[in-house]
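A.B. asks: what's the 3D shape of this:
(2 chains, ligands or ions: 2)
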Amino acid sequence: MPPETSDALIIPIREQQDVLTARQKARTIASGLGLGIADQTRLATAISELTRNAILYAGGGECQLWDQSDDNTFRIRVEVRDQGPGIDDIALAMRDGYSTSGGLGAGLSGAKRLMDDFEIETSSAGTRVIVTLERSRQESFYI
Amino acid sequence: MRIPILRLGDILLTSIQVDLIDEDILQFQHDVLTMIKNRDAQGVVIDITSMEVVDSFMARVINDTANMARLLGAEVVVCGIQPSVALTLVEMGRGLIGVTSTFNLEQGLREIERRLAARLLRPVTDGDSNAT
Ligand SMILES: Nc1ncnc2c1ncn2[C@@H]1O[C@H](COP(=O)(O)OP(=O)(O)O)[C@@H](O)[C@H]1O
Ligand SMILES: [Mg+2]
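C.D. replies: Ligands and ions are numbered 1, 2, ... in the order given. Sure thing, here's the model as predicted:
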C-alpha cells in the first residue's frame, strides 16, 4: 500500500444525501488534480455503488477519501466500510447480475471494472471495500 | 424534490436536472406511470443531459420505468446522456441501459412521434386482427 500523503476526508454514510456528498467530494478531488471528466465520472459512479451498498445492506457506514498522488502518479484511494452483516460468498456477490435485493447486481463488479485496484474484506463484523484510481502524470491527455 | 413533468400533446417531457436521491427518482417513476395510466400520455421523453452520474440503481429505475410504460402502451426514449456517463455504463457491464436513447431532446421527440405514427400505420394483415 502506498504511503498516505494526505489526511483522509471522512464522510459518514447514513442517508441517501450522503451518497451524493461522497461522490461530489471525490469528483472535486479528481478535478482538482486535473483528471478528466471520464475519470471523475468513473470515480463518482464507483463511490455511488459502494456507499449505496453500505446503506442498503448494512444500514450505513463511512467513506474515506485520500489523495495519495506522488511525483509520478495521480492516485485517489477510496475506502467504504460498514459494520453490517458482511457478505457470505464474495465470489457470488462479485458476479454480474447477482443481487439479493432485486438490483441489477452490477455494483461491486462495476466498481471493480471502473477502478484500477479493488480490494474487499468482509466478515460477520462488517465489510470494507478499498478502490483506487491511478493515472500516470506523464500522460498529457485524459478523457 | 419533485421532478417537473411537462405535457406536449400526448407526449410527456421531463428533464432530470439535479443529483437525485432514490426517493425522488421513485416518485418520478410513479408520477410518469400515473400520467400514462390516466391516458394523459402515449409517449415519454426523459432528458438526462444534466445527470453527471448514472449508477446501476438509476439505470435500473430508468429501465423499469420504460418497461412499465411500454406495458401500459406508451413509448419511452431517453435523451442527452453525457458521453462520460455512457462510457462509464458501458465499462461497468453490458447493457445496463436498455432504453432507446437519442443525442438530444429534439431527436428524442422526433423518435417518439415516429413511433406513434408507425403504430397508426401498422398493417392489419400481420396476424394482428385487433389492430384497426
Ligand atoms: N456492504 C455490503 N454488506 C453486505 N452485503 C453486501 C454489501 N455490498 C454488497 N452486498 C451483497 O452483494 C450483492 C451484490 O452487490 P452489488 O453488486 O452492489 O449489486 P446489487 O446492489 O444490485 O444487489 C448484494 O445484493 C448484497 O447481497
Ligand atoms: Mg449495489
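A.B. asks: need the helices for the chain, in chain order.
C.D. replies: You didn't pick a chain, so chain A it is. Using DSSP state H, the helices of chain A run over A:16-32, A:37-58, A:90-93, A:107-114.
A.B. asks: my question was about chain B
C.D. replies: Counting by DSSP H, the helices of chain B are B:22-37, B:56-71, B:83-92, B:105-121.
A.B. asks: which residues does residue B:5 bridge with?
C.D. replies: residue B:14 (DSSP bridges).
A.B. asks: Please tell me the pLDDT value assigned to it.
C.D. replies: Predicted confidence (pLDDT) for residue B:5: 91.
A.B. asks: you'd agree it is up against residue B:33?
C.D. replies: No - the criterion here is CB atoms under 8 Å, and residue B:5 misses it with residue B:33 at 11.0 Å. To be clear about C-beta, it is placed using only N, CA and C from the backbone, and glycine gets the same treatment.
A.B. asks: so how far is ligand 2 from the residue sitting nearest the centre point of chain A?
C.D. replies: Nearest residue to the geometric centre of chain A (CA atoms, centre = their mean): residue A:47, 4.0 Å. Distance, residue A:47 to ligand 2, using CB to the ion, to the nearest Å: 12 Å.
A.B. asks: out of everything not next to it in sequence, what's closest to the residue in chain A that chain B sits nearest to?
C.D. replies: Nearest to chain B, among the residues of chain A, is residue A:110, at 3.3 Å (CB to the nearest CB). Leaving aside its sequence neighbours, residue A:110 sits nearest to residue B:92 (CB to CB, 6 or more residues apart in numbering or on different chains; 3.3 Å).
A.B. asks: Spit out the contact partners of the one you found.
C.D. replies: A:45, A:106, A:109-110, A:113-114, B:56 (CB atoms under 8 Å, 6 or more residues apart in numbering or on different chains).
A.B. asks: between those residues, which is nearest residue A:31?
C.D. replies: Closest to residue A:31 out of the contacts of residue B:92 is residue A:45 (14.8 Å), distances taken as CB to CB.
A.B. asks: Residue B:53 is in contact with that closest one, correct?
C.D. replies: Yes - if you go by CB under 8 Å, residue A:45 and residue B:53 touch, sitting 5.4 Å apart.
A.B. asks: Spell out which residues are contacts of both of the two.
C.D. replies: Contacts common to residue A:45 and residue B:53, judged by CB under 8 Å, 6+ apart, are residue A:23.
A.B. asks: Compare the two and say which one has the larger neighbour count.
C.D. replies: Using other CB atoms under 10 Å in any protein chain shown, the more surrounded residue of residue A:45 and residue B:53 is residue A:45, with 29 against 26.
A.B. asks: what sits against the more buried one?
C.D. replies: Residue A:45 neighbours (CB under 8 Å, 6+ apart): A:23, A:110-111, A:114, B:53-55, B:88, B:92.
A.B. asks: residues of stretch A:107-117 that come out buried?
C.D. replies: A:107-115 (16 or more other CB atoms under 10 Å in any protein chain shown).
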